[in-house]
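**Student:** Here you go, sequence then predicted model.
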Amino acid sequence: MNARDAILATVKAGRRPEPAPARYALPGWTTDAVAQFAARAQATAADVHEIANVDDAPEAIWSILVKKNAARSVHIPEVSEANALPWQRAPGLSVMRERPSGSDSAVSFANYGIAETGTLVFCSGERSPSSWHYLPGLEFVVLRRALILPRLENVIDTLAERGAIPATVNLVTGPSRTADIEQTIERGAHGPRELCILIAG
């Protein structure tokens, strides 16, 4: 053993083992996650509706557009799972495939909801292009009740357990808004001016 190896061996022998980092323990969650999510989302100016099941989304969207006196059309990417919804149950509602503009409505599915903050979680993937969440003036988001988790940490743990962390995770809390211009709230600065969430059983 040369002098260098001897020194390194002495240093290594004198080092204390590093303790495993303590895992932060979240306090228990006792609140109804769906009710908490809905309340928090509404507090951020999102429009929240509960529907019996996912297949009721087309009729609910049609009804909301009629009440808003908005164009009876929605934009959906060709790869989105929203294409599998029974749109024939909403006659007179047109489904468009091209990218929406700020005056259009679009439909998407959220991967998760965060009850603590009323936040929607969108994971990028083959069937969910991230750019669509920034384009429409009104976005309808279908969120399954079972995918509403208590906290962001629960979402991160779930993604880690699946072993497939997406390239992009967008967290959306309420409609897009900013107060950068003369400290006046402006909606639609970086995304939809209106956000309508359909919580489906």
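**Tutor:** Perfect, I can see it now.

**Student:** Looking at the backbone only, give me phi and psi for the residue sitting nearest the centre point of the chain.
**Tutor:** Centroid check for the chain by CA atoms, centre = their mean gives Val121 as the closest residue, at 2.2 Å. Val121 adopts backbone torsions of phi -120, psi 120, taken as degrees, to the nearest 10.

**Student:** Any idea how many residues pack against the residue nearest to it when sequence neighbours are not counted?
**Tutor:** What sits nearest to Val121 in space, not counting adjacent residues and going by CB to CB, 6 or more residues apart in numbering, is Tyr112, at 4.0 Å. (Each C-beta comes from the backbone N, C-alpha and C, glycine too.) Counted with other CB atoms under 10 Å, the neighbours of Tyr112 add up to 22.

**Student:** Now do the phi/psi pair for Tyr112.
**Tutor:** According to degrees, to the nearest 10, Tyr112 has phi -150, psi 160.

**Student:** what residues are up against Asp104?
**Tutor:** 71, 73-75, 96, 135-138 (CB atoms under 8 Å, 6 or more residues apart in numbering).

**Student:** Same question for Val95.
**Tutor:** 73-76, 83, 87.

**Student:** my guess is it is in a helix, correct?
**Tutor:** No. Judged by DSSP: H, G, I helix; E, B strand; the rest coil, Val95 forms no part of a helix; its state is strand.

**Student:** Neighbours of Asp196, how many?
**Tutor:** In this structure residue 196 is Cys, not Asp. As a measure of burial, Cys196 has 22 neighbours, counting by other CB under 10 Å.

**Student:** who does the helix or strand Ile156 falls within touch, helix- and strand-wise?
**Tutor:** Assigned by DSSP states H and E, Ile156 falls within helix 152-162. On a contact count with 3 or more CB pairs under 8 Å, 6 or more residues apart in numbering; DSSP states H and E, helix 152-162 meets strand 112-114, strand 119-123.

**Student:** for it, which positions count as buried?
**Tutor:** 152, 154-155, 159 (16 or more other CB atoms under 10 Å).

**Student:** three-state assignment of the residue nearest to Glu139 when sequence neighbours are not counted?
**Tutor:** The shortest distance from Glu139 to any residue other than its chain neighbours is 4.2 Å, reached at Pro192 (CB to CB, 6+ apart). When classified by three-state DSSP, Pro192 comes out as coil.

**Student:** picking up where we left off before, report the next helix or strand after the helix holding Ile156 in sequence order.
**Tutor:** strand 169-172.

**Student:** Pull the residues that contact that following strand.
**Tutor:** 114, 119-124, 130, 133, 152, 159, 191, 195.
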